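S.K.: Task: produce atomic coordinates for the following.
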Amino acid sequence: MKVADVMSRGVEVVSPDSTVQEAATAMAEYDVGAVLVGGGDGLEGILTDRDIILRAVVEGRDVTRLRVREIMSASLFTVREDDTVEAAFREMSERQVRRLPVLDRDGGLTGIVTLSDLGRLERDPRLASETLREIAEPHRRRTVDGESEAAPEPKHERARPEDTQ
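M.R.: The predicted structure follows:
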């Protein structure tokens, strides 16, 4: 099965200059957990509800003035419409992300695929469950004796204000 068979085609894109409050309002309006960030020059990143909580709310930042570019995840991992569902699962697992923008053959944005989209179709529900566990807890791993220990930092980066100047 191909990614095009399971992806969502309605994708919200916000400007990197939008306020975090505007982006959060769009997420609430469309009942989504993330918006892609970009403009006329293409995609620049992704902003998730988790980004807003950890990088704005927890830090006590003013979401009415804070710009999306200041807290978005700038590393963007994608799949193609004609990629297999299994390839999308692998990419999510390796990159520890729950969402992947979907591009056409020319590199244009056509949709987004989420772990839950893939999990509903997976013939082996254990694969979806294991992938979700790997993604949901990238900061923890089990040792041989069952004790938890800290894992390496996530593989993706986030934009920092000094990177955008």
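
S.K.: Return the alpha-carbon coordinates of stretch 90-97 using CSV.
M.R.: Once non-C-alpha atoms are left out, stretch 90-97 reads as follows in CSV (Å, rounded to 0.1, in the frame of the first residue of the first chain):
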residue,chain,number,x,y,z
ARG,A,90,10.5,3.2,9.1
GLU,A,91,11.1,6.9,8.5
MET,A,92,8.9,7.8,11.5
SER,A,93,10.7,5.2,13.7
GLU,A,94,14.2,6.3,12.6
ARG,A,95,13.5,10.0,13.0
GLN,A,96,11.3,9.7,16.1
VAL,A,97,8.4,11.7,14.6
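
S.K.: can you pull the buried residues of that stretch?
M.R.: Glu91, Met92, Ser93, Arg95, Gln96, Val97 (16 or more other Cβ atoms under 10 Å). C-betas here are computed from N, CA, C, even on glycine.

S.K.: The first one falls within a helix, correct?
M.R.: In other words, Glu91. Yes: under DSSP: H, G, I helix; E, B strand; the rest coil, Glu91 sits within a helix.

S.K.: any idea how far it is from Asp41?
M.R.: Glu91 is 24 Å from Asp41, where distance means Cβ to Cβ, to the nearest Å.
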